[in-house]
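J.: just coords:
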RNA sequence: CGGGGCGUGGCGCAGCCUGGCAGCGCGCUCGCUUUGGGAGCGAGAGGUCCCGGGUUCAAAUCCCGGCGCCCCGACCA
């Protein structure tokens, strides 16, 4: 365990000028990481210790499930990616060797592991299996940002499960999901497991592990017993009081009013009493009408992912010309009289009052529009949850969060194109059912910094702190304090505590500031005060509570305090 | 990919508009003092001013081109 005078811990009084995210500023200031280029970071010694603590927790929990650690290369033949259909991904780094053979830098390892499975797994007797590794991932990110949160190169633990069938995959998936909960619990993170979209590459299910914090890039919707990525979340809308509906829709002149805001103001109604019409072109509509009119409340927004699922197809916004041709002038289109499939969001009520909607005529809107009476529709939940919505009567919270883990049921997405199959008990060949399970240790570290930092610096959960104890000696070389600190240092090490010993000849304030910036769970101070009082001061970093311990048996008392720390 | 900003000792910045010895704070080195909250005095070291070209007697500064980095948005398998 290091003496600080011999260690590399380059703390800074000021954060880098361009650093925005708290974790970015603090990890740099505390001397844990340094930048090499955009999205490229070096982990300095103390930072790497924290990173590797996280790695070790993941390793232990993966091993406990029976998973087997291995290692696969980052540099891979392009051919594998061509076969899986992922060679075209923009984020994939592509290169060639001196013989012009095309290669890629892997962003994950489905292709390689599946090609191994194809040749190494032959019989149902070889299944199930779970394999994993910690390896560098390379991604040509459109915009690296926030220090270590979104980088172009990072270590990831990725695991892959192999099963005979869907039921086997479900069981493996459930087992790994439990391991994930244990990993994040042990890392001391606040996190939620949320339902997620499976993404463009398909699959049978996916969960994301989200750690709420200010630097989060994704929004999660939270309510008691409910947690979902906002991309897929559903909730009950805030009700809107609608004006009483006349027997039939009434046209109103609305000159040059083409936005929800303008029309709502004109009618003196809340935006929720309007209907917003969103025409889309469905890509996969063999023989049918490609134009669909999506209708939702004026105060709501279309959720692309939920809409894609509801349509069962990719879609794009209809062009002005396409809208003009089938409906009327963009800006005053609506469902009444539209001879189209109409997909009505569930937040729109049928009855109980009339909405205002576009009339499909220039400068005209209709008031008193009642769904069902005035137009036919199909129902779907296609809007994005907004603040004020509720679930089970409780108002939802919408919080930014960092994705720290993501697990997928891949099914046969990779095993089929890459030929990974096995012979079942009847001797027939079947595709292997796969799952993939990723975790980013760097993101766990950054999320922990974000979640627990205070105005003095980082406050690590003790399980992932670079060191257990930060021992500060205020005495000069040769002083009684220094002699005492030297001996306590040895005792702490003997007690099994990973101890960083600050015996530098610096001012007390500077040493305290450095200790609080680095954020180890306990700071132990030996100074003249210790000699005079016969008591050792221990500060618990989380909350900054200090207490005095008798010199006698101090090391074991500190060890006990450490066990109780967060 | 759209918008904005920035590149000057290790870090944070001024100087640029109006061309004329490259500066400030912190950090670093040496000496003395100090020693429980980023200490004092004194003496020092350290810079291709992002790169290339141009204008000029003279360029950190003006012009042209390039590169890099950050932030917002889009994107994020």
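T.: Nice, thanks for sending it over. The model shown is predicted, which means the values in this text are computed figures rather than measured ones.
J.: give me the phi and psi angles of the closest residue in space to residue A:260 that isn't next to it in sequence.
T.: Spatially, and ignoring its direct neighbours in sequence, residue A:260 is nearest to residue A:298 (4.4 Å; Cβ to Cβ, 6 or more residues apart in numbering). Just so you know, the C-beta spots here come from the backbone N, C-alpha and C atoms, and that holds for glycine as well. Residue A:298 adopts backbone torsions of phi -60, psi -20, taken as degrees, to the nearest 10.
J.: for residue A:298, what are its contacts?
T.: By Cβ atoms under 8 Å, 6 or more residues apart in numbering, residue A:298 lies in contact with A:260, A:263-264, A:271-276.
J.: what is the neighbour count of residue A:349?
T.: Residues contacting residue A:349 under the criterion other Cβ atoms under 10 Å number 15.
J.: and residue A:37, by the same measure?
T.: 9.
J.: helix or strand: which one has the residue nearest to residue A:210 when sequence neighbours are not counted?
T.: Leaving out its chain neighbours, the residue that sits closest to residue A:210 by Cβ to Cβ, 6+ apart is residue A:401, at 3.8 Å. Secondary structure assigned from DSSP states H and E places residue A:401 in strand A:397-411.
J.: the stretch 301-450 of chain A: strands as residue ranges?
T.: Counting by DSSP state E, counting those that start in this stretch, one finds strands in the stretch 301-450 of chain A at the ranges A:315-317, A:341-345, A:355-358, A:364-369, A:378-380, A:390-391, A:394-395, A:397-411, A:421-423, A:429-431, A:433-439.
J.: out of these, flag the one nearest residue A:473.
T.: strand A:397-411 (36.8 Å; Cβ to Cβ).
J.: buried residues, the closest one. List them.
T.: A:398-411 (16 or more other Cβ atoms under 10 Å).
J.: wait, residue A:14 sits on residue A:28?
T.: No - the pair residue A:14 / residue A:28 is not scored as a contact, 9.8 Å apart, by Cβ atoms under 8 Å.
J.: neighbour count winner among those two?
T.: residue A:28 (24 against 9).
J.: for that one, give its distance to residue A:126.
T.: With the distance defined as Cβ to Cβ, to the nearest Å, residue A:28 ends up 47 Å from residue A:126.
J.: return the list of strands paired to the strand holding residue A:401, each annotated with direction.
T.: Next to strand A:397-411 in the sheet, as set by DSSP bridges, lie strand A:205-212 (antiparallel), strand A:218-223 (antiparallel), strand A:433-439 (antiparallel).
J.: ok, the first one near RNA strand B or not?
T.: So the one you mean is strand A:205-212. No - against RNA strand B, strand A:205-212 shows no contacts by Cβ under 7 Å from any atom of the strand, the least distance being 8.7 Å.
J.: next up, the contacts around whichever residue of the stretch 251-400 of chain A sits closest to RNA strand B.
T.: Of all residues in the stretch 251-400 of chain A, residue A:304 sits closest to RNA strand B, at 6.9 Å by Cβ to the nearest atom of the strand. Residues near residue A:304 by Cβ under 8 Å, 6+ apart: none.
J.: so what pLDDT did it get?
T.: We note a pLDDT of 83 for residue A:304 in this prediction.
J.: ok, the residue nearest to residue A:210 touching residue A:222?
T.: No - in this structure residue A:401 lies outside contact range of residue A:222 using Cβ under 8 Å: 9.2 Å.
J.: between those two, which contacts overlap?
T.: With Cβ under 8 Å, 6+ apart as the test, residue A:401 and residue A:222 both reach residue A:192.
J.: for stretch A:240-259, measure first residue to last.
T.: Length of stretch A:240-259, first residue to last, Cα to Cα, to the nearest Å: 19 Å.
J.: please disregard the earlier target; I meant stretch A:223-240.
T.: Across stretch A:223-240, first to last residue, Cα to Cα, it's 22 Å.
J.: same question for it, mean pLDDT?
T.: Mean predicted lDDT for stretch A:223-240 stands at 85.
J.: tell me if it is near RNA strand B.
T.: No - using Cβ under 7 Å from any atom of the strand, stretch A:223-240 never reaches RNA strand B; the gap is at least 9.0 Å.
J.: buried residues in that stretch?
T.: If you call a residue buried by 16+ other Cβ under 10 Å, then stretch A:223-240 has these buried ones: A:223, A:226-238, A:240.
J.: do the same with stretch A:28-48
T.: For stretch A:28-48, using 16+ other Cβ under 10 Å, the buried residues are A:28-33, A:35, A:39, A:41, A:43-44, A:46-47.
J.: show residues contacting it.
T.: Stretch A:28-48 is contacted from outside by A:2, A:7-16, A:19, A:27, A:50-51, A:141, A:144-145, A:147-148, A:150-153, A:445, A:457-458, A:466-467, A:500, A:517-519, using Cβ under 8 Å, 6+ apart.
J.: out of the residues you listed, name the ones that lie in strands.
T.: Judged by DSSP state E, those include A:153, A:500 as members of strands.
J.: now, of the contacts of stretch A:28-48, which are buried?
T.: A:2, A:7, A:9, A:11, A:19, A:27, A:50-51, A:141, A:144, A:147-148, A:150-153, A:445, A:457-458, A:466-467, A:500, A:517-519.
J.: near RNA strand B too, which of those?
T.: A:11, A:19, A:141, A:144, A:150, A:517.
J.: for these, give me CSV that also has pLDDT.
T.: Converted to CSV, those look like this (pLDDT from 0 to 100):
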residue, pLDDT
A:11, 90
A:19, 82
A:141, 89
A:144, 87
A:150, 91
A:517, 94
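J.: got the domain ranges for chain A?
T.: Domain ranges of chain A: A:4-233+A:399-449, A:250-380, A:467-564, per automatic domain parsing.
J.: of all the ones you listed, which lies closest to residue A:393?
T.: domain A:4-233+A:399-449 (9.4 Å).
J.: TSV for the strands of the stretch 301-450 of chain A, including mean pLDDT and distance to RNA strand B?
T.: Listed next are these as TSV, based on pLDDT from 0 to 100; distance: least, Cβ to the nearest atom of the strand, whole Å:
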stretch	mean pLDDT	distance to RNA strand B
strand A:315-317	78	12
strand A:341-345	85	20
strand A:355-358	83	25
strand A:364-369	82	28
strand A:378-380	86	20
strand A:390-391	87	23
strand A:394-395	87	24
strand A:397-411	91	7
strand A:421-423	94	22
strand A:429-431	94	19
strand A:433-439	94	8
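J.: follow-up on the earlier one: among the ones next to RNA strand B among the buried ones among the contacts of stretch A:28-48, which lie within helices?
T.: Of those, the ones assigned to helices by DSSP state H are residue A:517.
J.: who's in contact with residue A:438?
T.: Here residue A:438 is in contact with A:108, A:156-159, A:405-407 (criterion: Cβ under 8 Å, 6+ apart).
J.: show residues contacting the stretch of helix or strand residue A:83 belongs to.
T.: Secondary structure from DSSP H and E places residue A:83 in helix A:78-84. Contact with helix A:78-84 is made by A:87, A:92, A:94, A:102-104, A:110-112, A:114-115, A:414, A:417-418, as judged by Cβ under 8 Å, 6+ apart.
J.: that one near RNA strand B at all?
T.: No - for helix A:78-84, no contact with RNA strand B is found by Cβ under 7 Å from any atom of the strand; the gap never falls below 9.1 Å.
J.: re earlier: need the contacts of helix A:78-84 in a markdown table with secondary structure, can you?
T.: Below are the contacts of helix A:78-84 laid out as a markdown table (DSSP: H, G, I helix; E, B strand; the rest coil):
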| residue | secondary structure |
| --- | --- |
| A:87 | coil |
| A:92 | coil |
| A:94 | strand |
| A:102 | strand |
| A:103 | strand |
| A:104 | strand |
| A:110 | helix |
| A:111 | helix |
| A:112 | helix |
| A:114 | helix |
| A:115 | helix |
| A:414 | coil |
| A:417 | coil |
| A:418 | coil |
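J.: of the residues you listed, keep whichever come out buried.
T.: Buried among the contacts of helix A:78-84 by 16+ other Cβ under 10 Å: A:87, A:92, A:103-104, A:110-112, A:114-115, A:414, A:417-418.
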